[in-house]
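> How does the following fold in three dimensions:
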Amino acid sequence: MADAKLTEAERDAVYAGAVARHPDAFVSTITPSGQFTGLPADFELGTLRPVVGPRSALDLFLADDHPVVIDAWHDFLARGSAACRVRPVAAPAQLVELRIIDLSHRYGAALVLIAGLDGPGGNGPLEHEPIKPRLVTVRKDLNAIFLGADPEIAEVLGWTAEELKGTRAVDLIHPDDRVRAISSWMDLLAAKDGEGRRVRLRHLHRDGHVVWFEVTNHNHLADPEIGEVVAEMLDISDEMAAQEALRASEQLMRRLTSTIPMGIVQIGTDRRIAYQNERAARAIGADPGEVLGGHRLDRILSADRPAIDAAIDAVLAGQDTDAEYGYHHAERGLRRVRANLRCLTGARGEVTGAIICLTDVTEDVRLRDELKHRATYDALTGCRNRASTLAALQESLCGPGRTRGTAVIFIDLNQFKQVNDVYGHAAGDRLLTHVAARLRDAVRDGDVVGRFGGDEFVVICPDVPAAADARHIGQTLVAALATGGLDHDGHRLLPQASIGVAWGDPRTAAADTLIARADAAMYAAKNSRTGRLALALAD
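All right, here's what the predicted structure looks like:
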């Protein structure tokens, strides 16, 4: 059951108690519709302070607290008094008391008390900037001279309705917009009675700043009951400021993207190009509005095309990704490009498109490949270096899908020091290069020929079924070296070598063990050889 409404005496007591506790509270009267009104002439403020400006209590407090204020209002209507604690707009961190008391028996209206708000000292009022209206109506004659206006015109343009009477509307319009305003007015005068014309114009406030209005003029000049042009003026300054900020942001982005050394492309969820800088336009050859796909990606190498299509699909699904591809440049030939794809999202997190940054990395790739080649291959012979050879052996033994054995063939050139001493180091280098070429020509596809150091070579042969097959490969290398020679300054240089072969089962063989066994077999061949080439199979 709801509490009974307080008597007049009880309400007087509530008011007296509130003022006693908060003698510096702010006070205002309030109408039955919840609107603030001026205090009655016979109201004695004492140390209380008036509220000036707001239309209702809702104007004073944070929007999140409006339901609390409304609940208190309904409680007041039922009981004649109510209170709540809310946060003021002027000081969001504070929590103040709002009390509403029905004192209509004394002042003809209810009173509102706001206590606990830090404000002006003494009898200073609680001032509040009124909410500026966005829509006002004005009336003009045939010559666009003001005949009247809503009183709120003063809050949006600074002049009162009375001051505007007899003023030409064009005098309030920004000089740069007057031609457009006159053109729209002439078009309105030619329109049928009752028709309207809409135009966006900058107006000059009394203090000199610019206010944007969307003006809708309605031609009622021929209407005997009206005989005027009635114009609705909607303040769109916030909208135009946002558009101007967006234009400025877009202009800044375009200026920035025109100077950075990469292509920039913005696409929508349908892959259509929304923006691209000049560098990207030259690389892609498409215009804004075209789809980034189909024949527009034909310059990309066919081997890289699926990866790029997949990258675009991924970023439009919300996954940032990077990719690299090759493409044919009309003037510079084959180029390599790195693409960084980043998704764009809306306020709710939905994907709205993507930004793609394109960087020519041809020289970087060339340098990267060169460094990789240097780290992998011997500079003189073109064979794998020691580290790369050992890595190939480890891959052969432990790589995925390896089910058969691995052969390691160790080759040491005999009397190589004598070649250097007698014919010079250039001859020795030529002989090393010759041997390397003969070995590479003789091995199977997938075998690795490495220079282990000095005059030593190692051949790694994966997928060798048995030791007998490994020995057969070794004999092939012996035959390759036996049939080849090198002419140097009229001398015939024939490679002499000792060759050791080791084979290991992938389940039990270890890289170090295989190398050691092949090395031992090579020394066995060196000790037992009778010709310039000798081969031995490890036990």
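
> excluding its backbone neighbours, what's nearest residue 84?
residue 72 (4.1 Å; CB to CB, 6 or more residues apart in numbering). The C-beta positions use only the backbone N, C-alpha and C, and glycine is treated the same way.

> and that neighbour, how many neighbours?
Residues near residue 72, counting by other CB atoms under 10 Å, number 20.

> pretty sure it is in a strand, no?
No - secondary structure of residue 72 (DSSP: H, G, I helix; E, B strand; the rest coil): helix, not part of a strand.

> Now do stretch 316-336: distance from first to last residue.
Length of stretch 316-336, first residue to last, CA to CA, to the nearest Å: 23 Å.

> residue ranges of the strands in the stretch 401-539 of the chain, please?
405-413, 448-453, 456-464, 486-488, 491-493, 497-504, 533-537 (DSSP state E, counting those that start in this stretch).

> Redo those strands as JSON lines? Include distance to residue 170, mean neighbour count and mean pLDDT.
JSON lines is the format used below for the strands of the stretch 401-539 of the chain (distance: least, CB to CB, whole Å; neighbours: other CB atoms under 10 Å; pLDDT from 0 to 100):
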{"stretch": "strand 405-413", "distance to residue 170": "94", "mean neighbour count": "26", "mean pLDDT": "94"}
{"stretch": "strand 448-453", "distance to residue 170": "88", "mean neighbour count": "22", "mean pLDDT": "93"}
{"stretch": "strand 456-464", "distance to residue 170": "90", "mean neighbour count": "24", "mean pLDDT": "94"}
{"stretch": "strand 486-488", "distance to residue 170": "100", "mean neighbour count": "14", "mean pLDDT": "83"}
{"stretch": "strand 491-493", "distance to residue 170": "103", "mean neighbour count": "12", "mean pLDDT": "84"}
{"stretch": "strand 497-504", "distance to residue 170": "99", "mean neighbour count": "26", "mean pLDDT": "92"}
{"stretch": "strand 533-537", "distance to residue 170": "107", "mean neighbour count": "21", "mean pLDDT": "83"}
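
> sorry, back to before: against residue 328, how distant is the residue nearest to residue 84?
Distance, residue 72 to residue 328, using CB to CB, to the nearest Å: 75 Å.

> Residue 4 too?
91 Å.

> mind listing the helices for the stretch 201-350 of the chain?
237-259, 278-284, 305-316 (DSSP state H, counting those that start in this stretch).

> I'd like those as CSV, with mean pLDDT and distance to residue 157 appended.
Converted to CSV, the helices of the stretch 201-350 of the chain look like this (pLDDT from 0 to 100; distance: least, CB to CB, whole Å):
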stretch, mean pLDDT, distance to residue 157
helix 237-259, 77, 12
helix 278-284, 83, 45
helix 305-316, 93, 48
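
> would you list those in TSV and tack on distance to residue 528 and mean neighbour count?
Below are the helices of the stretch 201-350 of the chain laid out as TSV (distance: least, CB to CB, whole Å; neighbours: other CB atoms under 10 Å):
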stretch	distance to residue 528	mean neighbour count
helix 237-259	74	12
helix 278-284	65	17
helix 305-316	55	17
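
> Output the ones you listed in JSON lines; the columns should cover distance to residue 87.
Listed next are these as JSON lines, based on distance: least, CB to CB, whole Å:
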{"stretch": "helix 237-259", "distance to residue 87": "25"}
{"stretch": "helix 278-284", "distance to residue 87": "50"}
{"stretch": "helix 305-316", "distance to residue 87": "43"}
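
> Looking at those helices, spot the one closest to residue 392.
Ranking the helices of the stretch 201-350 of the chain by proximity to residue 392 (CB to CB) places helix 305-316 first, at 27.2 Å.

> which residues touch the closest one?
Outside helix 305-316, the residues that touch it by CB atoms under 8 Å, 6 or more residues apart in numbering are 267, 269, 271, 292-293, 297, 300, 321-323, 325, 339, 341-343, 351, 353-354, 356.

> what's the next secondary structure element after the helix-or-strand element of the chain with minimal mean pLDDT?
Here the helix or strand of the chain ranked lowest by mean pLDDT, DSSP states H and E is strand 126-127, holding a mean of 56. Remark: after strand 126-127, the chain's next helix or strand is strand 135-140, criterion DSSP states H and E.
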